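[1] quick check, what structure comes out for this input:
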Amino acid sequence: MPKLALKISPFYVQALLDVIEPIEKRLRLQVAIDMNGAPDDDEILLEAWRDSLLEQLREDASYLVEVLNQMTPEHPVEFSETDAESALRAASAVRLKIREAFLSRFSEQALERDMIEPDALRPEEHKPFMCYSFLARFQEMLVVQLIPESFGFDDFDETDDLDDDEDIED
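    Below you'll find the model as predicted:
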């Protein structure tokens, strides 16, 4: 069961919520993904699929806001696998909205690879960028805990001497 112990200041949480809460409200109305590729050969099926997707995103986004409101430096947040997946979906949806609404002048590659220098940000981009980056790290921490074998942590031998110079070629 994933458990995140984050030492996060209430001021930082509030800054995150300042960005996330309006986006969470917007998710009640629309999603940030293109509905092309949806099963459109059946109009009733398409409508049901879209409604189901929107409802799930609404629930996920509400849950993410709830989690952020609960985060304190003293109390780790513990997630069931279902809750962790919900938080992952919400973080993805919110990051898409942040990119679309605030950071569209940056390439997806630059954002995903942390290639944006803070001094390249306009004043109105600081909070959204901080939130985008936080949610990316949040997602990474959850994924590492949900699927540790995909990161090769099981292959890491703690007895290996990491300071050993024998394997380094000059």
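[2] where in the protein is pLDDT low?
    1-2, 5-6, 27-41, 151-170 (pLDDT under 70).
[3] so where do the helices sit in it?
    10-27, 43-70, 81-101, 108-112, 126-146 (DSSP state H).
[4] what packs against the shortest one?
    So that's helix 108-112. Counting contacts by 3 or more Cβ pairs under 8 Å, 6 or more residues apart in numbering; DSSP states H and E, helix 108-112 is packed against no other helix or strand. Backbone N, C-alpha and C define where each C-beta goes, glycine included.
[5] go through that helix and flag the buried ones.
    Leu111 (16 or more other Cβ atoms under 10 Å).
[6] try stretch 128-144
    Applying 16+ other Cβ under 10 Å to stretch 128-144 flags Pro128, Phe129, Met130, Cys131, Tyr132, Phe134, Leu135, Ala136, Phe138, Gln139, Leu142 as buried.
[7] between the residues you listed, which is closest to Glu81?
    Of all the buried residues of stretch 128-144, Glu81 sits closest to Leu142, with 10.1 Å by Cβ to Cβ.
[8] just checking, the closest one touches Val67?
    No. The criterion here is Cβ atoms under 8 Å, and Leu142 misses it with Val67 at 10.7 Å.
[9] anything in contact with each of those two?
    Jointly contacting Leu142 and Val67 under the rule Cβ atoms under 8 Å, 6 or more residues apart in numbering are Ala87.
[10] burial count for Leu103?
    19 (other Cβ atoms under 10 Å).
[11] Glu43 versus the closest residue in space to Glu112 that isn't next to it in sequence, what's the distance?
    Computed as Cβ to Cβ, 6 or more residues apart in numbering, the closest residue to Glu112 that is not its neighbour in sequence is Ala136, at 7.5 Å. Distance, Ala136 to Glu43, using Cβ to Cβ, to the nearest Å: 37 Å.
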